[in-house]
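>>> quick one: sequence plus predicted model below, questions after.
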Amino acid sequence: MTTSLSDGPAVDDGALHTVREIAQQPALWREVDRIVTASRATLDSFLQPLLARPDLRVVLTGAGTSAFAGQVLQAALSRRLGVRVDAVATTDLVADPRGCLTEDVPTLLVSFARSGDSPESVAATDLAEQVLSEVHHLVITCNAQGSLAVRHADRPASRVLLMPAASNDQGFAMTSSFTCMTLAALLALGGDAYDGVAERLAAAAESIVADADRTAGALVARAPERIVYLGSGALKGLAGESALKVLELTGGALVASSESSLGFRHGPKAVLTRRTVVVVYVSNDPYTRQYDLDIAAELRGNLPAGSVVTVTADPGAAAPGADPHSWALPGLEDVEDVALALPAVVYAQIVALRASLSRGIRPDQPFPSGEVNRVVQGVILHSLHN
């Protein structure tokens with residue numbers, strides 16, 4: 001079985017969706033850019049009056065991978081919009097709506113959902129309306145027929161931003177759905193500050209896919225027992241999503257964890273063994289980058305050679321003869337970390353795919369007995385009494 005993402009993969013049905021959905025992301029990001037551009041007038045007529053209100057709170061919400069989208073976006077959108085922006089998982093909001101929505105202020109709830117059919121997706125929007133006096137909804141989803149999209153399609157206080165149909169991943173784990181929804185939110189809410197960024201991100205991702213054998217393939221060939229992802233700021237959210245991809249696609253066979261670059265020393269470092277590999281996402285912010293490089297250097301001094309990889313937009317990483325353990329994000333040395341996260345996660349997706357296949361696991365369905373499902377099942381929603 002081959003898993004080349006760049007040469008037309010020859011894979012069995014157990015990996016077909018996942019391989020295609022990772023590889024299609026550059027093309028879909030360009031399509032997302034076109035969708036947001038075409039929707040700009042409608043989006044601005046809805047968003048601009050809200051964003052002009054200094055008391056507005058923006059809540060970015062979703063479950064699992066969709067929650068990590070909010071974590072990646074939170075700081076950048078807060079800076080751009082000049083209002084309070086919080087990332088709150090639907091799983092937290094549904095379990096403790098009064099705690100998550102303590103302040104009764106005008107709120108824009110931005111919901112991320114691949115299918116929109118997870119039990120918490122609609123429940124989170126309903127509970128926000130029950131707890132808050134004024135709430136507006138921006139629904140970013142990959143499924144026009146999903147419960148969330150249908151419920152909010154024609155409501156005056158809601159807007160639904162649909163992603164390309166192909167982004168509704170049919171594989172078990174969210175890949176192109178995650179990156180498309182994150183990019184869409186960045187473009188829709190971040191405005192012209194991100195004009196032209198989609199094409200640059202797509203070009204970088206195409207380079208990453210073409211070089212997958214040398215980078216992700218070599219890492220997986222080390223047969224690690226554990227993998228750790230580290231990052232700071234927006235890249236901490238990316239680290240969380242990266243670890244989740246490994247856990248999902250390997251069915252938990254490869255232990256994966258994540259932390260911030262500084263936080264790792266405060267206990268989580270105990271996970272390290274001689275067969276652990278560490279991936280450090282290096283920030284483009286000159287100040288923050290120092291802490292990422294410090295932890296990478298420290299760990300390289302403690303672990304076997306080749307066990308620590310940095311993912312960086314430093315132009316030197318893409319130069320001929322560059323350190324093979326410094327993976328490049330080419331042409332992106334001047335973009336914000338929130339944008340850097342999108343091509344960077346492609347590395348993590350490919351690592352997770354290769355790790356799954358190396359263990360004889362079918363990444364399209366790593367849980368054949370159904371104990372974990374593509375769309376979450378088994379959630380009992382309870383009534384909230386005022």
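Cool, got the structure.

>>> where do the strands sit along the chain?
Ranges of strands in the chain, per DSSP state E, are 57-61, 84-87, 107-113, 135-141, 158-162, 226-231, 255-260, 276-281, 308-312, 326-328.

>>> got the contact list for the last one?
I take that to be strand 326-328. 207-208, 211, 215, 309-314, 316-318, 322, 347 (CB atoms under 8 Å, 6 or more residues apart in numbering). All C-beta spots, glycine's among them, are computed from the backbone N, C-alpha and C.

>>> quick one: average confidence on that strand?
The pLDDT scores in strand 326-328 average 95.

>>> repeat that for the first one.
The predicted model gives strand 57-61 an average pLDDT of 98.

>>> could you do the second one as well?
Summarised as a single mean, pLDDT over strand 84-87 is 98.

>>> so which of the contacts of strand 326-328 comes closest to A184?
Using CB to CB, I208 comes nearest to A184 of the contacts of strand 326-328, at 20.6 Å.

>>> my guess is that closest one contacts Y347. True?
Yes: counting by CB atoms under 8 Å, I208 does reach Y347; the two are 6.1 Å apart.

>>> which parts of the protein are helices?
Here the chain has its helices, by DSSP state H, at 16-23, 25-38, 40-51, 65-81, 90-95, 97-100, 119-131, 147-152, 176-190, 197-210, 218-221, 234-249, 286-302, 337-358.

>>> for ChimeraX, what selects the buried ones among the contacts of strand 326-328?
Command for ChimeraX that selects the buried part of the contacts of strand 326-328, burial taken from 16 or more other CB atoms under 10 Å:
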select :207,208,211,215,309,310,311,312,313,314,317,318,347
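
>>> quick revisit: got any residues that touch both of I208 and Y347?
215, 327.

>>> which residue packs closest to R222, ignoring adjacent ones?
In this structure, R222 finds its nearest non-sequential neighbour in V277, 6.3 Å apart by CB to CB, 6 or more residues apart in numbering.

>>> beta-bridge partners for that neighbour, please?
Using DSSP bridges, the bridge partners assigned to V277 are I227.

>>> that one touches A221, doesn't it?
No: with contact defined as CB under 8 Å, V277 does not count as touching A221 (10.8 Å).

>>> domain boundaries for the protein, per the record?
Domains of the chain are assigned by automatic domain parsing as 39-195, 199-358.

>>> out of those domains, which gets nearest to P26?
Comparing the domains of the chain by CB to CB, domain 199-358 comes nearest, at 3.8 Å.

>>> how long is that closest one end to end?
33 Å (CA to CA, to the nearest Å).

>>> contact partners for the closest residue in space to A253 that isn't next to it in sequence?
Distances taken as CB to CB, 6+ apart put R359 closest to A253, at 5.3 Å, once the chain neighbours are dropped. For R359, the contacting residues are 250, 253-254, by CB under 8 Å, 6+ apart.

>>> repeat that for A202.
25-27, 29-30.

>>> on that earlier part again, look at V277 and A221 and report which has more neighbours.
V277 (24 against 11; other CB atoms under 10 Å).

>>> L187 versus the more buried one, what's the distance?
34 Å (CB to CB, to the nearest Å).

>>> look up the closest residue to S242, ignoring the ones flanking it.
Nearest to S242 is A348, by CB to CB, 6+ apart, at 3.5 Å.
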